[in-house]
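Peer 1: mind folding the following:
(2 chains)
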Amino acid sequence: MRLFDRVRPAVINGLRELQANKVRSLLSMSGIILGVASLVAMVTVVQGMVGNFRQFVDAMGGIEKITVVRELLPKEQEHLAELSEGLTMRDVASLRRTVPLVRNISPEARVGYEKIVHDGREFSTYVTGVTADYLPVAKRWVEPDQGRFISDLDVLNMTDVIVLGSAVVPELFPANVDPVGQVVRIRGRRFTVIGVLNNIEGTGMQVRSASSRSSGGSWRWRNSGAFIPVSTALTKYIGNDRLTGLGLRIADPEQLRDAVEQTERTMLAAHKGLRDFSISTNEQTLEDFRKTESAFKLSLGGVAGISLFVGGIGIMNVMLASINERIREIGVRKAVGARGSDLFLQFLAEAAVVSVVGGLLGLLVSVGIVSLMNFILTQALPTGAVAALDWVIMGEGLAFSVVIGLVAGVYPALRAAKLDPIEALRHE
Amino acid sequence: MPPLIAIRGLRKTYRMGDENVHALDGVDLDFQKGEFVAILGPSGSGKSTLMHILGFMDTPSEGSIVFDGEEVARLDADRRAWYRAHRVGFVFQAFNLLPRLTIEENVALPLLYRDGTDPAANLAAAHAALERVGMSHRLGHRPGQLSGGERQRVAVARAIVGTPSIIFADEPTGNLDVKNVDRVLELLGSLIKEGITVVLVTHDLSVAEKARRVISMRAGLVQEDRVR
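Peer 2: Residues are numbered from 1 along each chain as shown, chains lettered A, B, ... in the order given. As a prediction, the model looks like this:
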C-alpha cells in the first residue's frame, strides 16, 4: 500500500511530463513503437503462415497420409519393364492383408479432365475413380442433406453414379435445383448424381465472403472434381486395371515410419521386386516447414529485438536529456524532503509511462500493419495466408515494451536519485 | 528553555585540488524557537554552507548539532530527507517553483514526501498556507503567470505548509523590486509569531537589519552576533 501511495503520484507526474513534451516524448517512443509494432505484426503474420500451412498439410491428408504412386522403373530394372503391372486393386488387397498399421486404403484411378454435361450446361473438371475409403483418407465427407458417397456396392456393381465437388454444382445446376438424383453425362455416358462433397473453406481464415464463394475462393481447387466408382472408371473409361495411385491412412501418426517400411516391403514383394512405385509422406514437407518457421521466428525476433533495444536506448537518451533539463527541479524536490528513492521512482515511472504509451501506440500500428499485410496477401496468394491478431501476442508485446522501458529508465533514474541537492539547486 | 538548535565546534572542510578549504572553521551558535535571525556575510564567508548543514542538505566534517534535543550531525541521507520534509522549510532567491505544477500543487509538494498523506488533505493544507500569505486567489495558476513578488509569497507558503520548526530564506529578496522586498520580509518576520524560527541568509546589510538578531560571518567564522 505504501509503495502504491508513492507510485501513484509518480505515474501521474510521468503522464504530465509526457503531455508537456508531446513531440519529444513521441520521438523518444518511436523506437518502442516500431519495435512493438514489428514484433507483434511479425509474430502474428508468422503464426498466420504456420496456421495456414498446417491447414494446407491437413488438406493434403495430414501427417497420417502415405501416398503411393506409379513410377517408371529405375535404370537397373529397365529391362524388366514388361513385367511391371503398375498399381492395381491386387496391391490394395495385399496391403490390406499385410500392413495392419494402415487403416484405410484409397485406390484412385484418374479418368482425366472431362467435360460434364447437364441440361445444356457443361463444366470441365477432373474425374477420378475411387472407393468408399476415399473419404477418410482425403479427410472429406458428405453432409447428411447432400446425399451419400460412393459405396462398396457401387464399386462391386460398377454402377454409373457420381459424386460432385461443391464448386461443380453451381456450374451445372440452377440454384433452386437439388443436384442429388439428377443425371449428368461424361463422354455420352449417363451418371446419376448421388451426393455432393463438403465445401472446404479455410476455417479460421475467412478470406472471401460468402457471396464471392461461387466465383472462386482460395480453396476452389479443392472443391472441384467429380468422383465415380473406381471399377466404373477402370472398365468403362481407362480400359485396363492400372490405378493412378493409392492413398493410405495410418491409424497412428507416431508409427508413420514403420507403416512406410511395411508398405514398401509389401509392395516390393507383390511387384516381384520391381521398383515401379514410389512412396511419399507429408512428413518431409512438414519438417521443411518447421525449419522455415523457426528460421523466420529467429530472424524476425532478432529484428524486433534490435528495434526494441534501440527503442530502449532512445528512451534512456531522452530520459537523460530530460533529467539534465530538470536538475533544478530535482534539487527543489530534494530540498522539500524527497528521498533519493522518491526521485528514482519518479523518473522510473516516467520511463515506464513513456514505454507503456509507446507500446500501446505500437500495438495500434501493428493492427494497421497486419491489416495491410492481410490485404496484400489475400490479393497476391491463391491460398491467402491470412493472420489474425492475438491478445496473447499483443500482451507480450506490451509487456516487452514495459520491461525495456523500466530497464532503460534505471540508469537515468539512478542519476536523478544520486544528485546532490545543493549542486542541483545551484544549477542554471 | 533549551534552544531549537545548538551547534558546537562545527567545521566543514572541502577538498579543492590539493588544498583543504575550510568553509566553516569552528562555529558555535544557538538558535531559539521563534527567533528572527539574519546571517550576514559576503560570498565565501561560509553562510551558505552553514545554512545547508542546518537545513539538512549537507553534513558537517566535524562538530555537533543538537536539533530539538537530538544529535543530528551524522544522519544518513534518508533521515536528513525526513527532517527536510517535516521540520525545515526553504525560501530561495530564484523562487524555485516547479513550472509544470499549479500554485496549489507547488505548495503541497513537501507534503507529497511524507508517509501516509492523502492528496485531498495535502491540498487543503496548501490552501490554508496560501491563505496565510494572501495568495489563495491564484490556486490553479502556474508560476509563470505570477509576478516575482507573488511567486516569492507562494514559495513562502510552500515553506510553511508542513508547519516546520525553522525556515531558511536564502537571499529571498534578491530578485524582487523594492515594494515586494518589504512585503516578503514582513511576511517572513510575521512567521515568528507562530513559533517558527526564521533564518535570513543574505549579503545585504539593509535586508539583514530587518531581523532582530544579526550574525555576521567571515572566512568560516562568526565575526559578530548581535541582538538589536
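
Peer 1: which parts of chain B are helices?
Peer 2: B:47-54, B:77-86, B:103-112, B:119-132, B:148-160, B:178-190, B:205-208 (DSSP state H).

Peer 1: for chain A, what's its nearest residue on chain B.
Peer 2: residue B:85 (2.5 Å; C-beta to the nearest C-beta). (C-beta placed from N, C-alpha, C; glycine too.)

Peer 1: can you tell me the closest non-neighbouring residue to that residue?
Peer 2: Nearest residue to residue B:85 in three dimensions, chain neighbours excluded: residue A:337, at 2.5 Å (C-beta to C-beta, 6 or more residues apart in numbering or on different chains).

Peer 1: give me the pLDDT value at residue A:386.
Peer 2: Turning to residue A:386, the model gives it a pLDDT of 64.

Peer 1: equivalent analysis for residue A:220, please.
Peer 2: pLDDT, residue A:220: 64.

Peer 1: residue nearest the middle of chain B, spatially speaking?
Peer 2: Centroid check for chain B by C-alpha atoms, centre = their mean gives residue B:168 as the closest residue, at 1.3 Å.

Peer 1: next one, pLDDT for that residue please.
Peer 2: Looking at residue B:168, its pLDDT reads 94.

Peer 1: my guess is the residue of chain B closest to chain A contacts residue A:333. True?
Peer 2: No - applying C-beta atoms under 8 Å, one finds residue B:85 not in contact with residue A:333, separated by 10.5 Å.

Peer 1: which single residue of the stretch 301-428 of chain A ends up nearest chain B?
Peer 2: Of all residues in the stretch 301-428 of chain A, residue A:337 sits closest to chain B, at 2.5 Å by C-beta to the nearest C-beta.

Peer 1: up against chain B, what does the stretch 1-150 of chain A have?
Peer 2: A:2, A:5, A:9, A:16, A:17, A:20 (C-beta under 8 Å from any C-beta of the partner chain).

Peer 1: count residues in the vicinity of the fifth one, would you?
Peer 2: Neighbours of residue A:17 under the rule other C-beta atoms under 10 Å in any protein chain shown: 20.

Peer 1: pretty sure residue A:69 sits in a strand.
Peer 2: Yes - assessed by DSSP: H, G, I helix; E, B strand; the rest coil, residue A:69 belongs to a strand.

Peer 1: beta-bridge partners for it, please?
Peer 2: Beta bridges link residue A:69 to residue A:245, residue A:278 when assigned by DSSP bridges.

Peer 1: can you tell me how far it is from residue A:267?
Peer 2: Distance of residue A:69 to residue A:267, given as C-beta to C-beta, to the nearest Å: 11 Å.

Peer 1: follow-up on the earlier one: residues contacting the residue of chain B closest to chain A?
Peer 2: A:336, A:337, A:338, B:110, B:113, B:114, B:162 (C-beta atoms under 8 Å, 6 or more residues apart in numbering or on different chains).

Peer 1: tally of neighbours for the nearest residue to the last one once chain neighbours are set aside?
Peer 2: Nearest in space to residue B:162, with sequence neighbours left out and distances taken as C-beta to C-beta, 6+ apart, is residue B:110 at 4.8 Å. Residue B:110 is surrounded by 30 other residues when neighbours are defined as other C-beta under 10 Å.

Peer 1: in what helix or strand does whatever residue of the stretch 51-200 of chain A ends up closest to chain B lie?
Peer 2: Closest approach of the stretch 51-200 of chain A to chain B (C-beta to the nearest C-beta) occurs at residue A:51, with a separation of 48.9 Å. Counting by DSSP states H and E, the element that carries residue A:51 is helix A:22-59.

Peer 1: please state the mean pLDDT value computed over that helix.
Peer 2: Summarised as a single mean, pLDDT over helix A:22-59 is 81.

Peer 1: show me the shaky parts of chain A.
Peer 2: Scanning chain A for pLDDT under 70 picks out A:1-2, A:201-220, A:380-386.
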